[in-house]
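Participant: what follows is a predicted protein model with its sequence.
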Amino acid sequence: MGKVTTVSEIFETMAYGPAPESDKQALEWLERHGRAFGLFVGGRWTKGKNGDAFDVINPATTALLARVTQAGEGDVDAAVAAARKALPAWSALPGHARARHLYALARAVQKHARLLAVLESLDNGKSIRETRDLDVPLVARHFYHHAGWAQLAQSEFAGYGPVGVVGQIVPWNFPLLMVAWKVAPALAAANTVVLKPAEFTPLTALCLAELAHEAGLPAGVLNVVTGDGRTGELIVQHPDVDKIAFTGSTEVGRIIRKATAGSGKKLSLELGGKSPFIVFDDADLDSVVEGVVDAIWFNQGQVCCAGSRLLVHEGIADRLVAKLRARMEKLRVGPSLDKAIDMGAIVAPVQLERIRTLVTRGVEEGATLWQPSWACPTDGYFYPPTLFTNVSPAATIAQVEIFGPVLVAMTFRTPSEAVELANNTPYGLAASVWTENINLALDVAPKIKAGVVWINCTNLFDAASGFGGYRESGFGREGGKEGMWEYLKPQREERSGKREEASKKPAPKRASRSTLPASRFPVPPIDRTYKLFIGGAQVRPDQGYSRKIVGPGGALLAEVAEGNRKDIRNAVEAAHAAATWAHTNGHARGQILYYVAENLAGRAAEFAGLVEAMTGQGEASAREEVDAAVARLFSYAAWADKYDGAVHQTPIRGVTLAMNEPIGVMGIACPDEHPLLGLVSLVGPAVAVGNSVIVVPSEAQPLAATELYTVLEASDVPAGVINIVTGAKDVLAKVLAEHDDVDAVWYFGNRAAGADVERASAGNMKRTWVEWEPRDWMEGEGREFLRQATQVKNIWIPYGE
Amino acid sequence: METKRRYEHAASPGGNLPASTSPERVLRVVPPPEPGRNPGTPLDLDLVRALRVNRSAVERRAATIPTRRTVKKEWQAAWLLRAITCIDLTTLQGDDTPGNVLRLCAKARQPVRHDLIAALGAADLGVRVGAVCVYHAFVSAAVKALEGSGIPVAAVSTGFPAGLNPLPQRVDEIRASVAAGAREIDVVITRAHALTGDWETLYDEIRAFRDACGQAHMKVILGTGDLATLGNVARASQVAMMAGADFIKTSTGKETVNATLPVGVVMTRQIRDYAERTGQAVGFKPAGGIRKAKQALDWLILMKEELGDRWLRNDLFRLGASALLTDIERQLEHFVTGRYSAAHRHPMV
């Protein structure tokens, strides 16, 4: 206690005083557990099998809060086994019953809201204002919202079921909120969960597990294991886990991507960011200043979507910086439980050190540092709000994610330069755009590579809106209908049964006689030289090699070009040059797909002959495949102007637009079966929604693809939208997966090569869709494919004059 | 005091002219600076028209004013005493009589029970309200009742609350109240001028009021509840300050929507901008609907955060209120005794 301050003194100074929130109940909860926690597995507290534990510290005071178990292999095995055991009964529950459980969880959170808020604040160091007003209410909101999805799952997600046992790994910046974002959709979709909170901040997850159990959640549905990265790795590697959902650094995300490659585990990753905060010269600058406060001094800047790069129009930069500095002078940093502070403590010494190092680096590299005149408390891990000006895009602090209260400011001259700067990063999580001009705002928002764009606002979150990144910020969405898909998969059991029957039916007639036109005519046919199809032209391969294509009987059918990595490189460049395709309207894209279908139909007999010659599947079956390909092209021509986004019901006065955007440049390695239909089934949806593609057709049976060149040429497909490279499929697919300027790769083939694709995709964290189980291509079309071909951008547009 | 007139150029009336054309300039009178008073500036239409206010963002800011800051215990008590000194203790009812006005004046002199003031150790602070605010009819009665207290009398004027009487009458009304001893005049603007974007006419009107006020300080009531948009509030605030307002004030208390925090955010930001531009500190007075001690604290926090400590004194901040005082007394008693208090334990207004 300092000196006694009298009323009359304060009357003169009008200073703020201490306003502490009580930690009594939270400490009592810790004491009830003896300040030592086991693991919550199978509906009860269990002891760690190897007896390892670690300290959990209050970063605002450095006081010890509790000892928590470091889960080892046996513990993770037990947790996964408990989740597996609970899965059949949990997923057999009617949606309404799961809805009741989630509803009860939401209620439990609300009933214990202050306990959770105080505990979170103690554990993480963030301000009680944020945990009380933002984190915990959003946690409850997520459970309510997803209680709704549980209720509606049967009708809204017909044909889909749970993925199974889900391993979830959450970070320390929003410990409880991230638990809710992960657990709520997983349970709504009838999965069971093994959750690992971050080692710095495990307490609220443990508390929630206990509350969930008290609220009647069946044993084993939600299991919480604690520990550091080693425990996370055990979950990631566990063979009986069907999906990994991870939020954290891009670095760890990359490791997880590689570790799960070829495992068949479904994956969603919400990773780092260096999000732009763009201010145009007609913005309400005073509101911009508060926006910046919410962007980078929210949660001490330890926010993956923090607006950490301030991009400001050159003409107003000085004014804005002056206003920002004045505002920073008034920010208050202090004990996390003080109700009158803006920022609390940094989570741990290691993070504080990282911030300090990067700030030093910024100064060394010539940027201008500015911090307020007041000093931070010294009894915890505090860091002051920091602003860098005179920053160039090349500076370290402009490129790397600092994950602290550090803002770097840069200027731009024009809207297009603003977009360029905004996109000048490997990340793509979020962006904030400030202008009073709706034309400008709605022009810029779609051009920014980010999963969330906030217009004249920032860091708004809601369960009804999807959140997640583009590029190296990861893939998958959390929240909204788009988030539910991450925890669902098509119910294959029924389908695969069907597929077996289907595949039995048309037993391929093994090459009795060739139906090649060549065999029918006495004169030799004119030689057809199949080159590669790149940038709208038939081009020779980089190396002058060809590959022999033989029919089922061994007869030489044709020779096709042997594409290599340079051909892939050229095709990727051509695909990028065709970027306007993404902005071509859906009607126009549809017209072109109809035209392709029309021209293909006109040569149906010829294509059927080719297919038959390659596969020997019989004339009727080959003709069926061609007809199905034509019909499928019609389907995606139809979808081209119908795959609508949504307007989410978020609790703001405004609209939250969920826009389905093309992913960009995609590599597609086609299945070996159904040489024409397989290709059309994948290229159709990708192109219909605006992607440009590099297609690697069936390696053994590429002639339907190569013959398609002339169809595409005749159908006004813009140059570079569809590029076809023949050759060694798995090799080329890996080149595509490794290419940092390819945004997604689909691979349909064998497991080993699929694993290579997944592993290689970690380079730029591109999205992958890999299947090695055979599919019935006569059937597969529609939304499942369109979802894979798009990413959802949520644009928040508050309004009101 | 005879003032030396200064003449400056200002844009002509004719708000429909495109901003790019160069309107004919006319001469307008700008009084010379007086200590502590805002002399005003020429009307800067470019600035007024370029103002941008994002309502949703302002509302978000306003919503966190009460959640980002709070004061407890001694701090709360001290802040509440400070709030009392900023109150324009007001009665503006059709059934006002000299009797209830005198009662109001007595309360203004002694706003908190002696025993509470003593218990707070605040006897030396001389806590009194900022002013007493009445209709013209009761100005002289109030002046008399407050004699020797140093508490000024403020008169609402210019056809309060609608402000639609003929301009000469409105100007005369100011002069009459000043003559009757009012040291502060709360004028109302013609909202139509703001709603139609006729900033020149609004500027001229307020200038005329200011001239009539003479030595009396002028608070300009914008009637923000009538102004439809926060953009209009910002523009009217700037025009009022350019025209020489000593205070800008939210409301008459008679509009359907009165002082709200979002409006306060917008007006205080305009005051800040004006001070940065001209070096002149203009005061702020929210009025209407402020009944609870908690609200008074929120307004003080708003002033401290958006404008700074200089604006926490009653020469630059007033709260137009009447019932508020009783609630503050109850909170002070709670601080002193630890027990919740009742209104009837405090002398009525």
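Facilitator: Cool, got the structure.
Participant: ok, A:Met14 to B:Val71 distance?
Facilitator: 9 Å (C-beta to C-beta, to the nearest Å). Any C-beta I mention is one placed from the backbone N, CA and C, and that applies to glycine too.
Participant: and for those two, which residues touch both?
Facilitator: Contact criterion C-beta atoms under 8 Å, 6 or more residues apart in numbering or on different chains; residues shared by A:Met14 and B:Val71: B:Trp79.
Participant: ok, those two, which is more surrounded?
Facilitator: A direct count of neighbours by other C-beta atoms under 10 Å in any protein chain shown for A:Met14 and B:Val71 places B:Val71 higher, at 23 against 17.
Participant: what residues does chain A put near chain B?
Facilitator: A:5-11, A:14-19, A:129, A:133, A:282-288, A:290-291, A:294, A:330, A:339-340, A:342, A:436, A:456-457, A:652-654, A:798-801 (C-beta under 8 Å from any C-beta of the partner chain).
Participant: just the buried residues from the residues you listed, in PyMOL please.
Facilitator: In PyMOL, this line selects whichever of those come out buried by 16 or more other C-beta atoms under 10 Å in any protein chain shown:
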select buried, chain A and resi 5+7+8+10+11+14+16+17+18+19+129+133+283+284+285+286+287+288+290+291+294+339+340+342+436+456+457+652+654+798
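Participant: now intersect the residues of chain A next to chain B with the strands, please.
Facilitator: A:Gly654, A:Pro798 (DSSP state E).
Participant: residues in contact with A:Met659?
Facilitator: A:Pro446, A:Gly645, A:Val792, A:Lys793, A:Asn794, A:Ile795 are the contacts of A:Met659 under C-beta under 8 Å, 6+ apart.
Participant: could I get the residues you listed as JSON lines with secondary structure, pLDDT and neighbour count?
Facilitator: JSON lines is the format used below for those (DSSP: H, G, I helix; E, B strand; the rest coil; pLDDT from 0 to 100; neighbours: other C-beta atoms under 10 Å in any protein chain shown):
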{"residue": "A:Pro446", "secondary structure": "helix", "pLDDT": "96", "neighbour count": "16"}
{"residue": "A:Gly645", "secondary structure": "coil", "pLDDT": "96", "neighbour count": "16"}
{"residue": "A:Val792", "secondary structure": "strand", "pLDDT": "97", "neighbour count": "24"}
{"residue": "A:Lys793", "secondary structure": "strand", "pLDDT": "97", "neighbour count": "25"}
{"residue": "A:Asn794", "secondary structure": "strand", "pLDDT": "97", "neighbour count": "29"}
{"residue": "A:Ile795", "secondary structure": "strand", "pLDDT": "98", "neighbour count": "23"}
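Participant: and the residues you listed, which is closest to A:Ala245?
Facilitator: Set against A:Ala245, the nearest of these by C-beta to C-beta is A:Val792 (16.6 Å).
Participant: test my guess that that closest one contacts A:Arg477.
Facilitator: Yes - counting by C-beta atoms under 8 Å, A:Val792 touches A:Arg477, with 5.7 Å between them.
Participant: overlap in contacts, the two.
Facilitator: By C-beta under 8 Å, 6+ apart, the residues touching both A:Val792 and A:Arg477 are A:Gly451, A:Gly466, A:Gly468.
Participant: which of these ranks first by neighbour count?
Facilitator: Going by other C-beta under 10 Å, A:Gly468 tops the shared contacts of A:Val792 and A:Arg477 with 31 neighbours.
Participant: look at that one and report its pLDDT.
Facilitator: pLDDT recorded at A:Gly468 is 96.
Participant: cool, B:Arg5 as well?
Facilitator: The model's pLDDT for B:Arg5 equals 41.
Participant: check A:Ala605 too.
Facilitator: Value for A:Ala605, per-residue pLDDT: 96.
Participant: let me see the contact set for it.
Facilitator: A:Arg623.
Participant: for chain A, what are the nearby residues on the stretch 101-250 of chain B?
Facilitator: B:Leu120, B:Gly121, B:Ala122, B:Asp124, B:Leu125, B:Thr229, B:Leu230, B:Gly231.
Participant: just give me the neighbour total for the fourth one.
Facilitator: What it means is B:Asp124. B:Asp124 has 8 nearby residues by other C-beta under 10 Å.
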